[in-house]
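> Got a sequence here, can you model it:
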Amino acid sequence: MKVARWHKAKDIRVEDVEEPSPGPGQVKIKVAWTGICGSDLHEYLAGPIFVPVGDRHPLSHDAAPIVMGHEYCGEVTELGEGVEGLSVGDRVAIEPIFSCGDCAPCRDGKYNLCDSLGFVGLSGGWGGFAAYSVVPAQMAHKMPDGLSMEQGALVEPAAVALHAVRLSQIKAGDRAAVFGAGPIGLLVVEALHVAGASEIQVVEPSETRRAKAMELGATHAIDPGEIDPAKAIVAATGGGVDVSFEVTGVPSVLPQTIDATRHEGQVLVVSIWESEAAFHPNTVVLRERQIKGSIAYRNVYPAVMALMMRGYFSADKLVTKRIPIHDIVAEGFKTLVNEKSQIKVLVEAPAQ
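Below is the predicted model of the structure:
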């Protein structure tokens, strides 16, 4: 079957591999759609970050080259021995987290903080840029009948956004800022709208993405090329927002995100980083601000799909391009690097 495999930075190849079969406790899925994530883009441009190279990942037991793709959905075609609660024909969205179940975070139920954290399609396993995938059954979440397969491919990134907002101290009526209006940033805007934020300031250089942020619930959109965004937000809010979200992974943006918050405000760092970022600690100390990280999600897929049923996180508003797998590099990764007007690119699974 056709798959897209990461070999090294700027070397993703569409190749033929043997079709997988499910083992005990696993399910086989005919993939429908898979989104190209910002994390995939980081791996393409500057990896390895999550991709295991040389030593095998302790949970997937794989090393590069690996089949990419972790934002995906499909239909169950085969059940491994001992699988219960799923049936052939079920439409499922995949929660692609590898966790050990034994470390301190896992024992606390916070499996997204696992000491050996990994992701199907980044850390090994049968990722979604393929005709078929095999995953542990607990990763497959049944989709409501009313959700399209394209919506199913957005459950994973929407879960990232909803988890970040849930993790924050945002309350109904609070003011927020989102630095970066790529796919996750736009989904954070929607999640903040759900949470009852009274004001959502968005900072984004792309005019197209600023317009999309306003469409999805932002109240103000700032071009950081025109004005200092932190100063503009502080002036507009009379001292800064209650919570700001860093969703760019650009080192110079982190101090801006901090400066945009009020005294005792909170900064949520949602990005995955290719390099270090610096800020002056006094900007946190002298204002008693908080900085908190957010990684992936936990126990949130059902809530995401329920919100999708109410019209949130809409594929019709977020998907800007749909491509076949053989165009994944030229029309997918390279397009996302060069065209900042693109939001979410979905890759259609090959027939075989």
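> How about residue 249: what's its closest non-neighbour residue?
Setting aside the residues directly before and after it, residue 249 is nearest to residue 271 in space (C-beta to C-beta, 6 or more residues apart in numbering), at 3.7 Å. Every residue, glycine included, has its C-beta placed from N, CA and C.
> residue farthest from the centroid of this protein?
If you look at how far each residue of the chain sits from its centre, by C-alpha atoms, centre = their mean, the farthest one is residue 286, at 32.7 Å.
> end-to-end on stretch 18-36?
Stretch 18-36 has an end-to-end distance of 23 Å (criterion: C-alpha to C-alpha, to the nearest Å).
> right, and residue 98 touches residue 117 too?
Yes. If you go by C-beta atoms under 8 Å, residue 98 and residue 117 touch, sitting 7.0 Å apart.
> In the protein, where is pLDDT below threshold?
The model of the chain has no residue with pLDDT under 70.
> just so I have it, where are all the helices in it?
Here the chain has its helices, by DSSP state H, at 38-46, 104-107, 149-152, 155-167, 183-195, 207-215, 229-237, 253-259, 282-285, 301-309, 315-318, 334-338.
> For residue 121, find the nearest of these.
helix 38-46 (7.9 Å; C-beta to C-beta).
> Let me see the contact set for the nearest residue to residue 225 once chain neighbours are set aside.
Nearest residue to residue 225, sequence neighbours excluded (C-beta to C-beta, 6+ apart): residue 205, at 5.5 Å. Going by C-beta atoms under 8 Å, 6 or more residues apart in numbering, residue 205 touches 223, 224, 225, 340.
> Any idea how many residues pack against residue 105?
As a burial measure, residue 105 scores 16 neighbours (other C-beta atoms under 10 Å).
> Please report how far the residue nearest to it when sequence neighbours are not counted lies from residue 274.
Distances taken as C-beta to C-beta, 6+ apart place residue 113 nearest to residue 105, at 3.7 Å, with adjacent residues excluded. Going from residue 113 to residue 274 by C-beta to C-beta, to the nearest Å gives 21 Å.
> out of those two, which sits in the more crowded spot?
Neighbour totals were compared for residue 113 and residue 274, and residue 113 leads with 17 against 14 (other C-beta under 10 Å).
> From what I see, that one and residue 294 are in contact.
No. Judged on C-beta under 8 Å, residue 113 makes no contact with residue 294 at a distance of 10.5 Å.
> quick one: contacts for the residue nearest to residue 249?
Neighbour list for residue 271: 38, 180, 246, 247, 248, 249 [criterion: C-beta under 8 Å, 6+ apart].
> ditto for residue 265
Residues near residue 265 by C-beta under 8 Å, 6+ apart: 240, 241, 242, 243, 244, 287, 289, 290.
> Residue 94 now?
Each residue near residue 94 by C-beta under 8 Å, 6+ apart is listed here: 29, 70, 72-74, 120, 128, 133, 135, 139-141, 156.
> now the residues you listed as JSON lines including distance to residue 319?
Output for those, formatted as JSON lines (distance: C-beta to C-beta, whole Å):
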{"residue": "29", "distance to residue 319": "20"}
{"residue": "70", "distance to residue 319": "17"}
{"residue": "72", "distance to residue 319": "14"}
{"residue": "73", "distance to residue 319": "13"}
{"residue": "74", "distance to residue 319": "17"}
{"residue": "120", "distance to residue 319": "21"}
{"residue": "128", "distance to residue 319": "15"}
{"residue": "133", "distance to residue 319": "20"}
{"residue": "135", "distance to residue 319": "23"}
{"residue": "139", "distance to residue 319": "23"}
{"residue": "140", "distance to residue 319": "22"}
{"residue": "141", "distance to residue 319": "20"}
{"residue": "156", "distance to residue 319": "14"}
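> Test my guess that residue 218 contacts residue 201.
Yes. Using C-beta under 8 Å, residue 218 makes contact with residue 201 at a distance of 7.3 Å.
> shared neighbours, these two?
The contact lists of residue 218 and residue 201 share residue 178, where a contact means C-beta under 8 Å, 6+ apart.
> Between the two, point out the one with more neighbours.
Using other C-beta under 10 Å as the criterion, residue 218 and residue 201 rank with residue 218 on top: 28 against 25.
> Okay, the more buried one and residue 62: tell me how far apart.
40 Å.
> do the same with residue 41
21 Å.
> which residue is nearest the middle of the chain?
Note: the chain centre (C-alpha atoms, centre = their mean) maps to residue 157, 3.5 Å.
> looking at it, that one is touching residue 183, isn't it?
Yes. Contact status for residue 157 versus residue 183: in contact at 5.6 Å, counting by C-beta under 8 Å.
> so what sits against both of these two?
Counting by C-beta under 8 Å, 6+ apart, the residues touching both residue 157 and residue 183 are 35, 37, 344.
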